[in-house]
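A.B. asks: here you go, sequence then predicted model.
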Amino acid sequence: MTSQLDLPSSGWYVLANARVHFSLTTADIGATDEDGFALVDIAIADGKITGIAPRRDKPVPPRAVDLAGRIVFPCFVDCHTHLDKGHIWPRRRNPDGSFMGALEAVGADRAANWSAADVEARMEFALKCAFAHGTKAIRTHLDSISPQETISWPVFESMRERWAGRIDLQAVCLLGIDGVRETDWFADLAGRVAAARGMLGAVTYMVPELEPLLDRVFETAIERGLDLDFHADETDDVSAISLKKIAEKALEHRFEGKILVGHCCSLARQPDADVLDTLDKVARAGVAVVSLPMCNMYLQDRRFDGTTPRWRGVTLLHEMKARGIPVAVASDNTRDPFYAYGDLDMLEVYRMATRTLHFDHPVADWPRTVAATPADIMRLQDAGRLAVGGAADLVVFRGRSWTELLSRPESGRIVVRDGRAIEAAVPDYSELDTVVG
Ligand SMILES: O=c1cc[nH]c(=O)[nH]1
């Protein structure tokens, strides 16, 4: 995005009068206003933040760029995406907007088209979008249904290398939990994931052998020292309780790695007593949860009788956070049959989350859901917070308050990486014309 502010391209400088939210910095920013903001000066040198100090009435320092109260965020962390599926919409739509429609359309497209060159071109496009919007770390799921794992994982590893220093990439294998029944194949997959420093994952359906299959996933993760990342209960079916089963298995296996679970939609439809039991177990097991508001609004409660959706599709983030469960929001799918829209813009995700999940009145520390919390889940030390001594990776918006920030697309935001404004722009859609038609 182009900078209208003209940040220095060499030497140290100070972003003066920056509006910073208490939840997005480790620095002492003094008293905050009713929205949790304080005006600060952020000193930047050699690609690092060297100071964050309350503005108060001090004279403006030398080499200051006056932000006049614009909001500054740390660069975003997006902990649940599907870069391997992104942008196939022009050649493979969801026929009816349903979850099954998405699964079948993606399956057919994968079998027909997902060569290494195809996956690489779409991933590259997606990463350019995310980078231009101000994201510095992404975890992607990779469809790992045989033989796709032999194609997508090597592509992922080379993309991670190519993007090193711009976007930190992590990957998780994605397969239906019944794929774990193929003992030898699953062991090989786990070996591939471990060799690529990935995470072990699966989509948990309420199949009769869910518990023994989960046992195998946990045992494999323990053997290999892998973190876990599941898709669970992406349905309105109240009998879908795999989040609870995952938490129970984590406790039973005394699992010490990190566990992230995405979606958990059916929880919001279950009776209160069941919800409380599940949340207590999730909290005790140290499981983190990521909600995907854009994809959930698109797929959940889709009706085929001409009637209007009646629920929001998202899980119970407020109740989870109140219990100390780490909660995040993320992009999920972009322009594929699971979600027809999206551009890996975490500000858009946060805006949608604010509307769908009521991240307001009060805003409290909800901004952490796109920053420090996913960074912790992904074990990233230097991400998700504005910290003295940390990288000067930040986004300067035009908005000076929540209402200004969340009312416009903020396409003129300035993304600063290692202290310098980047020139990156979102790629033109035509770049993918020869790939997806
Ligand atoms: O939401 C989902 C679920 C499974 N696979 C996806 O790509 N997205």
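C.D. replies: Alright, I've got the coordinates.

A.B. asks: put the alpha carbons of stretch 162-178 into PDB.
C.D. replies: Taking Å, rounded to 0.1, in the frame of the first residue of the first chain, the C-alpha atoms of stretch 162-178 are listed here in PDB:
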ATOM      1  CA  ARG A 162      10.800 -17.900  -0.500                       C
ATOM      2  CA  TRP A 163       8.700 -15.800   1.900                       C
ATOM      3  CA  ALA A 164      11.100 -16.000   4.900                       C
ATOM      4  CA  GLY A 165      11.500 -12.600   6.500                       C
ATOM      5  CA  ARG A 166       8.200 -11.400   5.000                       C
ATOM      6  CA  ILE A 167       5.600 -13.900   6.300                       C
ATOM      7  CA  ASP A 168       6.400 -16.700   8.800                       C
ATOM      8  CA  LEU A 169       4.600 -19.800   7.500                       C
ATOM      9  CA  GLN A 170       3.400 -22.800   9.400                       C
ATOM     10  CA  ALA A 171       1.400 -25.800   8.000                       C
ATOM     11  CA  VAL A 172      -1.000 -28.400   9.300                       C
ATOM     12  CA  CYS A 173      -2.100 -31.600   7.600                       C
ATOM     13  CA  LEU A 174      -5.800 -31.700   6.800                       C
ATOM     14  CA  LEU A 175      -7.700 -35.000   6.400                       C
ATOM     15  CA  GLY A 176     -10.900 -36.400   7.600                       C
ATOM     16  CA  ILE A 177     -10.400 -38.200  10.900                       C
ATOM     17  CA  ASP A 178     -11.300 -41.500   9.200                       C
END
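
A.B. asks: give me the distance from whichever strand or helix holds Met297 to the chain's centre.
C.D. replies: Using DSSP states H and E, Met297 sits in helix 293-299. Chain-centre distance of helix 293-299: 14 Å, with CA atoms, centre = their mean, to the nearest Å.

A.B. asks: wait, does that helix contact the ligand?
C.D. replies: Yes. Helix 293-299 is in contact with the ligand by CB under 6 Å from any ligand atom, via Cys295. Where C-beta positions appear, they are placed from N, C-alpha and C, glycine not excepted.

A.B. asks: now that helix: average pLDDT?
C.D. replies: Helix 293-299 shows a mean pLDDT of 98.

A.B. asks: and after the helix or strand containing Ala102, which helix or strand comes next?
C.D. replies: Element membership for Ala102 (DSSP H and E) is helix 99-113. Counting by DSSP H and E, the next helix or strand C-terminal to helix 99-113 is helix 116-133.

A.B. asks: coming back round to it: can I get the helix holding Met297 in CSV, CA atoms only?
C.D. replies: What follows is helix 293-299, C-alpha atoms only, in CSV (Å, rounded to 0.1, in the frame of the first residue of the first chain):
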residue,chain,number,x,y,z
PRO,A,293,-16.5,-15.7,11.4
MET,A,294,-16.5,-15.1,7.7
CYS,A,295,-16.6,-18.7,6.6
ASN,A,296,-19.1,-19.6,9.4
MET,A,297,-21.5,-16.9,8.4
TYR,A,298,-21.3,-18.1,4.8
LEU,A,299,-21.7,-21.9,5.4
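
A.B. asks: so what does it touch, helix or strand wise?
C.D. replies: helix 346-357 (3 or more CB pairs under 8 Å, 6 or more residues apart in numbering; DSSP states H and E).

A.B. asks: so the helix it packs on versus helix 116-133, what angle?
C.D. replies: Between helix 346-357 and helix 116-133, the angle comes out at 80 degrees (axes from the mean of the first three to the mean of the last three CA atoms, to 10 degrees).

A.B. asks: contacts for helix 346-357?
C.D. replies: 76-78, 133-135, 291, 293-294, 296-297, 312, 314, 317-318, 329-331, 342, 359-360, 366-367, 369-370, 395, 397, 405-406, 409-410, 413 (CB atoms under 8 Å, 6 or more residues apart in numbering).

A.B. asks: so how far is it off the chain centroid?
C.D. replies: So, by CA atoms, centre = their mean, the centroid of helix 346-357 is 12 Å from its chain's centroid.

A.B. asks: who are the packing partners of the helix or strand just after that helix?
C.D. replies: From helix 346-357 onward toward the C-terminus, using DSSP H and E, the following helix or strand is helix 372-377. With contacts taken as 3+ CB pairs under 8 Å, 6+ apart, helix 372-377 sits against strand 76-81, strand 135-143, strand 288-291, strand 327-329.

A.B. asks: report the buried residues of the last one.
C.D. replies: Right, the one you point to is strand 327-329. Buried residues in strand 327-329, counting neighbours by 16 or more other CB atoms under 10 Å, are found at Val327, Ala328, Val329.

A.B. asks: strands paired with it, and their directions?
C.D. replies: Applying DSSP bridges, strand 327-329 is found paired with strand 288-291 (parallel).

A.B. asks: give the contact list for Cys295.
C.D. replies: Cys295 touches Asp332, Asn333, Phe338, Tyr339, counting by CB under 8 Å, 6+ apart.

A.B. asks: buried ones only from these, please, as a PyMOL command.
C.D. replies: This is how PyMOL selects the buried members of those, with burial counted by 16+ other CB under 10 Å:
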select buried, resi 332+333+338+339
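
A.B. asks: max pairwise distance over the contacts of Cys295: which two?
C.D. replies: Asp332 and Phe338 (7.0 Å; CB to CB).

A.B. asks: what are the structural domain limits within this protein?
C.D. replies: As given by the TED database, the domain ranges for the chain are 12-74+384-421, 76-378.

A.B. asks: how about the residues of the stretch 301-437 of the chain by the ligand?
C.D. replies: So far as CB under 6 Å from any ligand atom goes, the stretch 301-437 of the chain lies against the ligand at Asp332, Asn333, Phe338.
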